[in-house]
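1. Sequence and computational prediction follow.
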Amino acid sequence: MAGGVTIKGIEALQKKLKDNMTLDDVRNVVRLNGAEMQTKAQRNAPVDTGFLKREISLAITDSGMSAKVTGEADYDPYQEYGTRFMEGTPHIRPSYKEQKEQFKKDMSKLVR
């Protein structure tokens, strides 16, 4: 699953970040939002045996500056996107879309 956020005006953002906070504040926002997205994805995941839900993981990388939530079950993409035989039950994408807005708000609070 590929997705990303493009930030325009990165130089101005970096200057504002340096003036108003430490990178630890940013790391905390990344970690908190990553954990919230993982929880939302697990809550939205279809449950038969519970394996799919338990296999949704969170990885914090880039010295705490990136969070990645993934479904590690082999059949997760089929549940997320569906197949020609069944409708998908999206759980990662809706969680990402919802959490993206919260992440933007949290980062905006840091640069005020």
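-> That came in fine, so what should we check first? Residues are numbered from 1 along each chain as shown.

2. Quick check: mean pLDDT of the longest helix seen in the chain?
-> With secondary structure taken from DSSP state H, the chain has its longest helix at helix 23-44. Across helix 23-44, the average pLDDT comes to 94.

3. how far is the very next helix or strand once past that helix from where the chain is centred?
-> Taking DSSP states H and E as the definition, the helix or strand that follows helix 23-44 towards the C-terminus is helix 51-54. Relative to its parent chain, helix 51-54 has a centroid offset of 17 Å by Cα atoms, centre = their mean, to the nearest Å.

4. Now do stretch 35-54: distance to the chain's middle.
-> Distance, stretch centre to chain centre, for stretch 35-54: 13 Å (Cα atoms, centre = their mean).

5. Which positions in that stretch come out as buried?
-> Buried residues in stretch 35-54, counting neighbours by 16 or more other Cβ atoms under 10 Å, are found at 36-38, 40-42, 44-45, 52-53. Every residue, glycine included, has its C-beta placed from N, CA and C.

6. and if you look at stretch 74-93?
-> Counting neighbours by 16+ other Cβ under 10 Å, one finds that the buried residues in stretch 74-93 are 76, 79-80, 90-92.

7. Can I get the longest helix of the chain in PDB, CA atoms only?
-> Once non-C-alpha atoms are left out, helix 23-44 reads as follows in PDB (Å, rounded to 0.1, in the frame of the first residue of the first chain):
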ATOM      1  CA  LEU A  23      12.400  17.500  17.400                       C
ATOM      2  CA  ASP A  24      11.300  15.500  20.400                       C
ATOM      3  CA  ASP A  25       7.900  17.200  20.200                       C
ATOM      4  CA  VAL A  26       7.600  16.200  16.500                       C
ATOM      5  CA  ARG A  27       8.600  12.600  17.400                       C
ATOM      6  CA  ASN A  28       5.900  12.500  20.100                       C
ATOM      7  CA  VAL A  29       3.300  13.600  17.600                       C
ATOM      8  CA  VAL A  30       4.400  11.000  15.000                       C
ATOM      9  CA  ARG A  31       4.400   8.300  17.600                       C
ATOM     10  CA  LEU A  32       1.000   9.300  19.000                       C
ATOM     11  CA  ASN A  33      -0.600   9.500  15.600                       C
ATOM     12  CA  GLY A  34       0.900   6.300  14.500                       C
ATOM     13  CA  ALA A  35      -0.400   4.500  17.500                       C
ATOM     14  CA  GLU A  36      -3.900   6.000  17.100                       C
ATOM     15  CA  MET A  37      -3.900   5.000  13.400                       C
ATOM     16  CA  GLN A  38      -3.000   1.400  14.400                       C
ATOM     17  CA  THR A  39      -5.800   1.300  16.900                       C
ATOM     18  CA  LYS A  40      -8.300   2.600  14.400                       C
ATOM     19  CA  ALA A  41      -7.200   0.100  11.700                       C
ATOM     20  CA  GLN A  42      -7.500  -2.800  14.200                       C
ATOM     21  CA  ARG A  43     -10.900  -1.600  15.200                       C
ATOM     22  CA  ASN A  44     -12.100  -1.400  11.600                       C
END
